[in-house]
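[1] whatever this is, show me its structure:
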Amino acid sequence: MIGSQLLKTHLHDWHAEHGGKMTEFAGFDMPLWYQAAVPEHLTTRSAAGLFDVTHMGRAMITGPEATQYLDFLLPTRIHRLDQGAGTYSVFCTEKGGIVDDLFLFRLADEEYYMVVNGANRKKDFAWMKKHSTKFDVSISDISDETPMFALQGPLAVKILQKLSSKELSSVPRFHAIHTKLDDFEAIATRSGYTGEDGFEIAPLNVPLKEKVKAVQLWERILKEGKGEGVVPVGLAARDTLRLEAGMVLYGNDINEETTPFQARIGFVVSLKKEDFIGKDALVIEKREKPQRLRVGLILLGKGIPRTGDAIHAKASKVGEVTSGSISPLIRRGIALGYVQRPFRKSETLVHIEVGKKLRWAEIIHPKRLLGRIKQLAG
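    Residues are numbered from 1 along each chain as shown. Below is the predicted model of the structure:
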């Protein structure tokens, strides 16, 4: 955001012209929905949805010490990534708190592609630069030169294959390739934020002043997917999709006061590495065990949980909701939150204080939340 002026993605005018309900998000003017959030959500689960995620931050990290730098910057074993492989990870403070979560892909021996949260772009690039001074590495912010789309859903790969110069079905989950989409050179990663299969694509060298090219590719994807039922999808459905999938949202479910172990994404941490930012604090927490842990929740009856709602058990407050909404799949309230360690186990019953009423809810491990929701949906 420049002053009080919202930033615009390459597709901003297209969104406004095609019924997008626009709203501020991460400093950008973004579509909340086009027709309605629930149908967009359900179409993504059953067919495919196309998302404009250009607000996300994108960087290239290159140089003879790029791998050593990233191994120090992140708690994950970056040196073990094969060419084309990617990983989910986090930046940590010295105290182990999460600066941001991110995806990183190794494109070549010393060339990496990183995607960070839109709301944290400025903070993240400053953090990366601050910790790069002892390494022979180059960090390039390519966010403004690359629009970014996400095609998600069970038919996403089939649709995108119609435009791709390379075979997409053989690309493993969390891997990246260079491919030609229509007439555009692009980085395509088999990743997403919905719990469904699909790709996130970044057409290269398409600055904002050449936004017509981005619109061309966007419309071509919609055209090729029309027979499969693909629709453009806004932020509202993106949020309920990620919530059903138990995925964290920075600022709600994780922040600098939250560690990877508390957030139950401890798989990103390798304490066997020689050194990385936050290691000492995380070694201690792992040994002593975190007493506050993230969980998924499904209401057993009426009510829509919201951020800040108290979680109760045995007549005492034991936690708090960090993200909550209604699941379009089961038309029931769902949430993510943090509870005291004894109440973390799946199938534990608790109350969520929704409004002024206590509503029964079942605790589910976040990684199993979507599976449970789909089971209930039949």
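[2] looking at the helix or strand Gly333 falls within now, give me its mean pLDDT.
    Using DSSP states H and E, Gly333 maps to strand 332-340. Averaging pLDDT along strand 332-340 yields 98.
[3] buried ones in it?
    Arg332, Gly333, Ile334, Ala335, Leu336, Gly337, Tyr338, Val339 (16 or more other Cβ atoms under 10 Å). For glycine as for every other residue, the C-beta is placed from the backbone atoms N, C-alpha and C.
[4] stretch 95-114 too?
    In stretch 95-114, counting by 16+ other Cβ under 10 Å, buried: 96-107, 110, 112-114.
[5] sorry, back to before: out of the buried residues of strand 332-340, what pair is the most spread apart?
    Spatial extent of the buried residues of strand 332-340 (Cβ to Cβ) is set by the pair Arg332 and Tyr338 at 20.7 Å.
[6] now stretch 267-287: buried residues?
    So for stretch 267-287, counting by 16+ other Cβ under 10 Å, buried means Val268, Val269, Ser270, Lys273, Phe276, Ile277, Gly278, Lys279, Ala281, Leu282, Glu285, Lys286.
[7] need the contact list for the residue most central in space within the chain.
    Compute the mean C-alpha point of the chain, and by Cα atoms, centre = their mean the closest residue is Tyr193, 4.4 Å away. Tyr193 makes contact with Val53, Ala150, Gln152, Arg238, Leu241, Arg242, Ala245, Met247, according to Cβ atoms under 8 Å, 6 or more residues apart in numbering.
[8] for the first one, grab the count of nearby residues.
    Going back to what we said before, that points to Val53. The number of residues packed near Val53 is 21, by other Cβ atoms under 10 Å.
[9] repeat for the fourth one
    Residues near Arg238, counting by other Cβ under 10 Å, number 28.
[10] which stretches of the chain have low pLDDT?
    Residue ranges of the chain with pLDDT under 70: 1-4.
[11] how about a cut-off of 50?
    Counting by pLDDT under 50, the ranges of the chain that qualify are 2-3.
[12] what helices or strands is the helix ranked longest in the chain leaning on?
    The longest helix of the chain (DSSP state H) is helix 211-225. Counting by 3 or more Cβ pairs under 8 Å, 6 or more residues apart in numbering; DSSP states H and E, the packing neighbours recorded for helix 211-225 are helix 12-17, strand 49-52, strand 149-152, helix 156-161, strand 198-203.
[13] in CSV, list those along with mean neighbour count.
    Listed next are those as CSV, based on neighbours: other Cβ atoms under 10 Å:
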stretch, mean neighbour count
helix 12-17, 16
strand 49-52, 26
strand 149-152, 26
helix 156-161, 21
strand 198-203, 25
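[14] with respect to Asp141, which of the buried residues of stretch 267-287 is nearest?
    Ile277 (20.4 Å).
[15] and the residue nearest to that closest one when sequence neighbours are not counted, how far is that from Glu65?
    Distances taken as Cβ to Cβ, 6 or more residues apart in numbering place Cys92 nearest to Ile277, at 5.5 Å, with adjacent residues excluded. Going from Cys92 to Glu65 by Cβ to Cβ, to the nearest Å gives 20 Å.
[16] Arg58 too?
    Look at Arg58 and Glu65: by Cβ to Cβ, they are 21 Å apart.
[17] more neighbours: which of the two?
    Arg58 (22 against 15).
[18] so the more buried one is in which element?
    Per DSSP H and E: Arg58 is located in strand 57-62.
[19] please state the offset of that strand from the chain centre?
    How far strand 57-62 lies from its chain's middle: 17 Å, per Cα atoms, centre = their mean, to the nearest Å.
[20] how about Thr189, phi and psi?
    phi -120, psi 130 (degrees, to the nearest 10).
[21] who is it paired with across the strands?
    Beta bridges link Thr189 to Ala176, Glu200, judged by DSSP bridges.
[22] now do it against Asn117, distance only.
    16 Å.
[23] more crowded one of the two?
    Between Thr189 and Asn117, counted using other Cβ under 10 Å, the more crowded position is Thr189 (24 against 18).
[24] hmm, that one is touching Phe199, no?
    Yes. Contact criterion Cβ atoms under 8 Å: Thr189 and Phe199 qualify, at 6.5 Å.
[25] secondary structure class of the residue lying closest to Arg368 once chain neighbours are set aside, three-state.
    Nearest residue to Arg368 in three dimensions, chain neighbours excluded: Ser346, at 6.8 Å (Cβ to Cβ, 6+ apart). Taken by DSSP: H, G, I helix; E, B strand; the rest coil, the conformation at Ser346 corresponds to coil.
[26] do the same with Lys273
    With three-state DSSP as the basis, Lys273 sits in coil.
[27] who's in contact with the residue nearest to Ser327 when sequence neighbours are not counted?
    With Cβ to Cβ, 6+ apart as the criterion, Ser327 has its nearest non-adjacent residue at 4.6 Å, and that residue is Ile334. Residues near Ile334 by Cβ under 8 Å, 6+ apart: 243-244, 296-299, 305, 324-327, 369, 373.
[28] closest one to Lys134 among the helices and strands packed on helix 211-225?
    strand 198-203 (29.1 Å).
[29] and the closest one, how far from the chain's centre?
    The answer for strand 198-203 is 13 Å, by Cα atoms, centre = their mean.
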